[in-house]
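Visitor: how does the following fold in three dimensions:
(chains A and B)
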Amino acid sequence: MSQKQHADHIYIEALLKNDSKVLSKLYEKFSNKIVAFVRKNNGNSDDAQDIIQETLITIYHQAKEKNFILTCPFDAYFYLLCKRRWLNELKKRGTNRVTILEDEASIKDEHEQQVEETEIFEQQNQLFESKFKELGAKCQELLKATFKIKSMEEVAEFLGVTYGYARKKKSQCMGKLTQLVKNSNEFQQLKDC
Amino acid sequence: MEELRYREFENYLNNELSETEKISFEKRLKSDTNFKQEFEIYKALETSLSSKFENEEAETALRNTLSELGSKYIKEDKIKKETKVISLMRYRKLMVAASIALLIGFFIFRNGTPVYGDFSKHNNLELVVRGDNNETIKKAQDAFNTRNYTTAFAQLTILEEQFPDDTEIQLYKAICLLELDKYSQAETIFNKISEGNSAFSSKATWYKALSYLKQEKFEGCKQVLKTIPESAEEYTLAKKLLKKL
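Guide: Have a look, this model is predicted:
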């Protein structure tokens, strides 16, 4: 895809590099609006801080894993993501939603597409993570070691098993995880996106 | 049956199938939708988990930066924070973090030799007392506390010129060197501090042991650990590490 990178892509890069200078600009420029929105809608500024942080962490992962390229202004993209995340959180808390779906119309389609990409990315990650936690402790251990250490020889040594056994176990555990994901409701929903 | 299938996924992704096996595998991907779907999930899981675990440390570092910026720029509700009301969400996150930390600790300690990472939780660098509004101090601190050791080292070197007698600066400089795998330079500084009689001498001894640990010089590590006196703050940790060795 030869999408054109928006100038605001610097914020994505700052996340990747943990560049506190640029990131502090990000907070300075964009956080007020989100804080205001959250506070207007049954939240306080601690909630807003959490929402902002978790959204940024998601974007970080998406950029790291999928080389996410920002093609629209960060402002609109970020605001919409945070807003939806907060509305979700309210739903989870069972708070009645008193408000407000204002300016959504002012968001252009192409922006919305980027927002949705990020949201789907996150839903998929959450699904994977929650299914990972359903695996037995042994499988979790082994997979974690596999992905952290990389070389299967070293994984085997680290766990004190043979190389052949480690490899066999890895594909077994991954297979189990594949099944768990495949048979989940969430996966069916994601597929329809 | 099923098991074989995942073996095959694994081998395909690792590029370990023979030419003929590969061709028949790819043919099946085209014709068998169920096979294809499972393969897609398997592959997506592989990418996602591997990225997640690979970037765990980087994520923590980024989280630290963001929390700091968050509290700096989102100032309201200060009163609440002061009375230590932890919002439910954050509390939950803390619990999760704590249980993960426990799990990881458990996981690592049960399995053979200890590694440097288990014991290298550095205290944050806090030099603020050295005079206010010193830009270099702030930079050094920020860099160190977000594990940006190259920058931290550079800033600390500048600071060392301003405060030539400050042992803490020297110690943290050496920690940076240790993190950057410059062992002999780091150890020279640790030795100097450890032989002196500043408040940091036993801490320096502890770090010297960690430097050996990081290089997997386990015997040397043990010998150094044994010299840490019972009265030292690091004694408990040292004992714990000794037991593992």
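
Visitor: low-confidence ranges in the chain?
Guide: Picking chain A for this. Scanning chain A for pLDDT under 70 picks out the ranges A:1-3, A:95-109, A:192-193.

Visitor: think we crossed wires, I meant chain B
Guide: Ranges of chain B meeting pLDDT under 70: B:1, B:76-112, B:128-133.

Visitor: domain parsing for it?
Guide: Here the domain parsing of chain B from automatic domain parsing is B:2-53, B:56-111, B:118-244.

Visitor: likewise chain A?
Guide: Domain ranges of chain A: A:9-109, A:135-191, per automatic domain parsing.

Visitor: and the end-to-end length of the shortest one?
Guide: Read that as domain A:135-191. Domain A:135-191 has its terminal residues 22 Å apart, counting by CA to CA, to the nearest Å.

Visitor: that one vs chain B: in contact?
Guide: Yes. Contact of domain A:135-191 with chain B (CB under 8 Å from any CB of the partner chain) involves A:141, A:143-144, A:147-148, A:158-160, A:167-168, A:170-172, A:174-175, A:177-178, A:181-182, A:187. (Glycine included, C-beta is placed from N, CA and C.)

Visitor: wait, doesn't residue B:71 sit right on residue A:50?
Guide: No. Using CB atoms under 8 Å, residue B:71 makes no contact with residue A:50, being 11.7 Å away.

Visitor: the helix ranked longest in chain A and chain B in contact?
Guide: As assigned by DSSP state H, the longest helix anywhere in chain A is helix A:109-134. Yes. Under the criterion of CB under 8 Å from any CB, helix A:109-134 makes contact with chain B via A:124, A:125, A:128, A:129, A:132.

Visitor: number of residues surrounding residue A:53?
Guide: 20 (other CB atoms under 10 Å in any protein chain shown).

Visitor: isn't it up against residue B:64?
Guide: No. Counting by CB under 8 Å, residue B:64 is not a contact partner of residue A:53; they are 10.7 Å apart.

Visitor: look up phi and psi at the closest residue to chain A within chain B.
Guide: The minimum distance from chain B to chain A, using CB to the nearest CB, falls at residue B:6 (3.4 Å). Main-chain dihedrals, residue B:6, degrees, to the nearest 10: phi -70, psi -30.

Visitor: next up, the contacts around it.
Guide: Neighbouring residues of residue B:6 by CB atoms under 8 Å, 6 or more residues apart in numbering or on different chains: A:171, A:172, A:174, A:175, A:178, B:42.

Visitor: buried sites along stretch B:30-46?
Guide: B:35, B:38, B:39, B:41, B:42, B:45, B:46 (16 or more other CB atoms under 10 Å in any protein chain shown).

Visitor: list the contacts of the last one.
Guide: Just to be clear, that refers to residue B:46. Contact analysis of residue B:46 by CB under 8 Å, 6+ apart lists A:174, B:13.

Visitor: continuing past the helix or strand in which residue A:158 is found, what's the next helix or strand?
Guide: Element membership for residue A:158, per DSSP states H and E: helix A:152-159. Next in sequence after helix A:152-159, counting helices and strands by DSSP H and E, comes helix A:163-182.

Visitor: tell me how far that next one lies from the chain's centre.
Guide: 24 Å (CA atoms, centre = their mean, to the nearest Å).

Visitor: list the buried residues in it.
Guide: Buried, per 16+ other CB under 10 Å, within helix A:163-182: A:166-178, A:180-182.

Visitor: pull the contacting residues for the residue of chain A found nearest chain B.
Guide: Taking CB to the nearest CB, chain B has its nearest neighbour within chain A at residue A:175, 3.4 Å off. Neighbour list for residue A:175: B:2, B:3, B:5, B:6, B:9, B:42 [criterion: CB under 8 Å, 6+ apart].

Visitor: hmm, the second one is touching residue A:171, no?
Guide: Yes. At 7.4 Å, residue B:3 counts as touching residue A:171 under the criterion of CB under 8 Å.

Visitor: report the buried residues of stretch B:195-214.
Guide: B:198, B:200-214.

Visitor: just give me the closest of the residues you listed to residue B:230.
Guide: Using CB to CB, residue B:202 comes nearest to residue B:230 of the buried residues of stretch B:195-214, at 10.4 Å.

Visitor: quick one: that closest one from residue B:234, how far?
Guide: 6 Å (CB to CB, to the nearest Å).

Visitor: can you check residue A:53 too?
Guide: According to CB to CB, residue A:53 stands 33 Å off from residue B:234.

Visitor: repeat for residue B:191
Guide: 16 Å.

Visitor: also residue B:11?
Guide: The value you get for residue B:11 to residue B:234, if CB to CB is used, is 48 Å.

Visitor: ditto for residue B:177
Guide: 19 Å.

Visitor: now do residue A:191
Guide: 54 Å.

Visitor: can you check residue A:128 too?
Guide: For residue A:128 relative to residue B:234 (CB to CB), the value is 40 Å.

Visitor: just residue A:4 next, same as before
Guide: 54 Å.

Visitor: more neighbours: which of these two?
Guide: With neighbours defined as other CB under 10 Å, residue A:4 and residue B:234 compare such that residue B:234 has more, 19 against 7.

Visitor: thinking that one is in contact with residue B:203, fair?
Guide: Yes. Proximity of residue B:234 to residue B:203 meets the contact threshold set by CB under 8 Å, at 6.3 Å.

Visitor: export stretch B:17-34 to PDB, keeping only CA atoms.
Guide: Only the C-alpha atoms of stretch B:17-34 are listed here, as PDB (Å, rounded to 0.1, in the frame of the first residue of the first chain):
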ATOM      1  CA  LEU B  17       9.400 -28.000   4.200                       C
ATOM      2  CA  SER B  18      11.000 -29.600   1.200                       C
ATOM      3  CA  GLU B  19      10.100 -28.200  -2.200                       C
ATOM      4  CA  THR B  20       7.400 -30.900  -2.800                       C
ATOM      5  CA  GLU B  21       5.900 -30.600   0.600                       C
ATOM      6  CA  LYS B  22       5.700 -26.800   0.200                       C
ATOM      7  CA  ILE B  23       3.900 -27.100  -3.100                       C
ATOM      8  CA  SER B  24       1.400 -29.400  -1.700                       C
ATOM      9  CA  PHE B  25       0.900 -27.300   1.400                       C
ATOM     10  CA  GLU B  26       0.200 -24.200  -0.700                       C
ATOM     11  CA  LYS B  27      -2.100 -26.100  -2.900                       C
ATOM     12  CA  ARG B  28      -4.100 -27.200   0.100                       C
ATOM     13  CA  LEU B  29      -4.200 -23.600   1.400                       C
ATOM     14  CA  LYS B  30      -6.000 -22.700  -1.900                       C
ATOM     15  CA  SER B  31      -8.400 -25.600  -1.900                       C
ATOM     16  CA  ASP B  32      -9.300 -26.200   1.800                       C
ATOM     17  CA  THR B  33     -10.900 -23.200   3.400                       C
ATOM     18  CA  ASN B  34     -10.900 -24.700   6.900                       C
END
